[in-house]
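K.L.:
got a structure for you, letters missing:
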């Protein structure tokens, strides 16, 4: 049984998930910037924008760590790289 199609599918899914994660992170970074610009000096609005920005970067870190973890597991299982 040839595992190449399964590995190829898995690589494509990881790439798709990373791309979607980066796009969502970019959206939330822009949203946080908009919230910050329109805060108008409100402490609550500024804190909300800062929270949105930190959550966006935490999500980006999680997506990146998932990709790294998948790569490490693939390497540990001696999966051929494409």
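P.N.:
Cool, got the structure. None of these values were measured; they are calculated from a predicted model.

K.L.:
in the protein, which ranges drop under the pLDDT threshold?
P.N.:
When the per-residue scores of the chain are filtered using pLDDT under 70, the ranges that remain are 80-82.

K.L.:
so residue 56 makes contact with residue 32?
P.N.:
Yes - the pair formed by residue 56 and residue 32 meets the contact definition of C-beta atoms under 8 Å, at 6.3 Å. For the C-beta atoms, the positions are set from N, CA and C on the backbone; glycine is no exception.

K.L.:
Helices of the protein, start to end?
P.N.:
For the chain, the helices defined by DSSP state H cover 4-37, 43-76.

K.L.:
Reformat these as CSV; add mean neighbour count.
P.N.:
Putting these into CSV (neighbours: other C-beta atoms under 10 Å) gives the following:
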stretch, mean neighbour count
helix 4-37, 13
helix 43-76, 13
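
K.L.:
since we're on the nearest residue to residue 46 once chain neighbours are set aside, how many residues are nearby?
P.N.:
In this structure, residue 46 finds its nearest non-sequential neighbour in residue 39, 4.7 Å apart by C-beta to C-beta, 6 or more residues apart in numbering. Counted by other C-beta atoms under 10 Å, the residues lying close to residue 39 total 16.
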